[in-house]
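A.B. asks: pasting the sequence and the predicted coordinates here, then a few questions.
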Amino acid sequence: MYHNLSHREKIDALLQLIGDRQRFLVSSHARPDGDAIGSSLGMMHLLEGLGKEVVVAFSDPIPVIYRMLSGVDRIVKTLPTTPPDAMILLECDCSARTGFTRAEFADMGKVFTINIDHHLSGGNCGDFNWIQPDASAVGSLVYDLAVASGVDITPEMATCLYTAVLTDTGSFTYASTRASTFALAEHLVERGANPNRIAQAIYYSNPPGKFRLLGAALRNMQVELPIAWAWITLDDMDAADATVEDSEGIVNYLIGIAGVEAAVFLRQLPGEAGIRLSLRSKEGFDVAQVAENFGGGGHRNASGCTLPGPMSAAMDCILAHLRTQLSAQTLLA
Ligand SMILES: [Mn+2]
């Protein structure tokens, strides 16, 4: 029913769907990042600006660096028992990616689902799907919706959406950054987002454990151009007195090396949960496909997946796959 609509038509249809309902549940993916949290809270502020009732639920804790965002204290860890009139899923290619279980969703019963995403691997899991792979962040889609709705873009909402776009563009460095991204940022700053204060919270408020862990990972680093990789074990985490949150972003250092086209960071998970992989690439190489090959997903230049342990087996597996893919691509070039 809602397929093949233009960007503007999608927005109008979505505003109609929102207008016809009163109570909303907003959620996004497990291990939430700046776009997941910023766009969800931005959506909360938008809906409340329209006089709606909103519950925002995340299955995982909110990283410390995002706790300055307005509305963070309202976020709950369980799904509401009273079914909302609609559920809005952001940055998720299916409800399972929220980290809430099938049983938790079943308790809520069938709910009209609105799915807003910019992942290439985004599936049409909702009753209404708005998948825009060229958007720099889901936060920019929420911004377009806010502008079209005529709601007041408050400093609180502007700060949430600016945080989403800043972090998902790698501080305006990723390939998804265009002139329109800066125009969006300009408007959000005019509406009250403070770039310096946001940067202080996100980039200059790190716990020391994060840098001890980075040190351990970089000591493990291997470079075999055009591939670079590094890993950390649970022992490294303990020794650094670091949290899972502290491992976010380490892979970005590996892709920063000249001549590296694909980088992979491997993190040992507790028990038999396996090895978590974060992948990054420069423009030419598609790591979303690599991750999808192992049941994961993401963007062309940033993706993730989980492989069975031990660490050495996971490393051999991903490196063999990357070497094959890269040499095939080089042959094709
Ligand atoms: Mn995103």
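C.D. replies: Done, it's in.
A.B. asks: tell me where the model's unsure across the stretch 1-150 of the chain.
C.D. replies: Across the stretch 1-150 of the chain, the ranges flagged by pLDDT under 70 are 1-3, 120-122.
A.B. asks: which parts of it are helices?
C.D. replies: 7-19, 34-49, 102-108, 138-149 (DSSP state H, counting those that start in this stretch).
A.B. asks: nearest to the ion, of those helices?
C.D. replies: Nearest to the ion, of all the helices of the stretch 1-150 of the chain, is helix 34-49, at 3.4 Å by CB to the ion. Quick note: C-beta positions are derived from backbone N, CA and C, even for glycine.
A.B. asks: the residue of the stretch 101-250 of the chain found nearest the ion: neighbour count?
C.D. replies: Nearest to the ion in the stretch 101-250 of the chain, going by CB to the ion, is residue 168, at a distance of 4.3 Å. For residue 168, the neighbour count with other CB atoms under 10 Å is 28.
A.B. asks: that one contacts residue 37, doesn't it?
C.D. replies: No: contact between residue 168 and residue 37 fails when scored by CB atoms under 8 Å: they sit 11.1 Å apart.
A.B. asks: could I get the helices of the stretch 1-150 of the chain in CSV, plus columns for distance to residue 245?
C.D. replies: As requested, these are exported to CSV (distance: least, CB to CB, whole Å):
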stretch, distance to residue 245
helix 7-19, 32
helix 34-49, 12
helix 102-108, 23
helix 138-149, 20
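A.B. asks: can you redo the ones you listed as a markdown table with distance to residue 55 and mean neighbour count?
C.D. replies: Output for those, formatted as a markdown table (distance: least, CB to CB, whole Å; neighbours: other CB atoms under 10 Å):
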| stretch | distance to residue 55 | mean neighbour count |
| --- | --- | --- |
| helix 7-19 | 15 | 15 |
| helix 34-49 | 9 | 27 |
| helix 102-108 | 11 | 13 |
| helix 138-149 | 17 | 23 |
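A.B. asks: so for residue 185, which of these sits nearest?
C.D. replies: helix 138-149 (9.6 Å; CB to CB).
A.B. asks: hang on, the earlier thing: confidence score at the residue of the stretch 101-250 of the chain closest to the ion?
C.D. replies: Looking at residue 168, its pLDDT stands at 95.
A.B. asks: skipping adjacent residues, who's closest to it in space?
C.D. replies: residue 137 (3.7 Å; CB to CB, 6 or more residues apart in numbering).
A.B. asks: quick one, what contacts that neighbour?
C.D. replies: Residues in contact with residue 137, defined by CB atoms under 8 Å, 6 or more residues apart in numbering, are 35, 38, 39, 118, 164, 165, 167, 168, 169, 176.
A.B. asks: 7 Å instead?
C.D. replies: 35, 39, 118, 164, 165, 168, 169 (CB atoms under 7 Å, 6 or more residues apart in numbering).
A.B. asks: and the third one, how many neighbours?
C.D. replies: I take that to be residue 118. There are 24 residues near residue 118, going by other CB under 10 Å.
A.B. asks: check whether it really touches residue 135, as I assumed.
C.D. replies: Yes: counting by CB atoms under 7 Å, residue 118 touches residue 135, with 4.1 Å between them.
A.B. asks: distance from the chain centre to the helix or strand harbouring residue 210, please.
C.D. replies: In this structure, residue 210 is located in helix 208-219 according to DSSP states H and E. Relative to the centre of its chain, helix 208-219 is centred 23 Å away, using CA atoms, centre = their mean, to the nearest Å.
A.B. asks: mind listing what's buried along that helix?
C.D. replies: Buried residues in helix 208-219, counting neighbours by 16 or more other CB atoms under 10 Å, are found at 209, 210, 212, 213, 214, 216, 217.
A.B. asks: quick check: longest helix in this structure by residues?
C.D. replies: Using DSSP state H to define each element, the chain has its longest helix at helix 311-332.
A.B. asks: helices or strands up against that one?
C.D. replies: Secondary-structure packing of helix 311-332 (3 or more CB pairs under 7 Å, 6 or more residues apart in numbering; DSSP states H and E): strand 227-232, strand 262-268, strand 275-281, helix 287-293, strand 302-307.
A.B. asks: could you export the helices of the stretch 1-150 of the chain as TSV, including distance to the ion?
C.D. replies: Listed next are the helices of the stretch 1-150 of the chain as TSV, based on distance: least, CB to the ion, whole Å:
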stretch	distance to the ion
helix 7-19	17
helix 34-49	3
helix 102-108	22
helix 138-149	5
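A.B. asks: next one, pLDDT for whichever residue of the stretch 201-333 of the chain sits closest to the ion please.
C.D. replies: Across the stretch 201-333 of the chain, no residue is closer to the ion than residue 299, which sits at 7.6 Å (CB to the ion). We have a pLDDT of 81 for residue 299.
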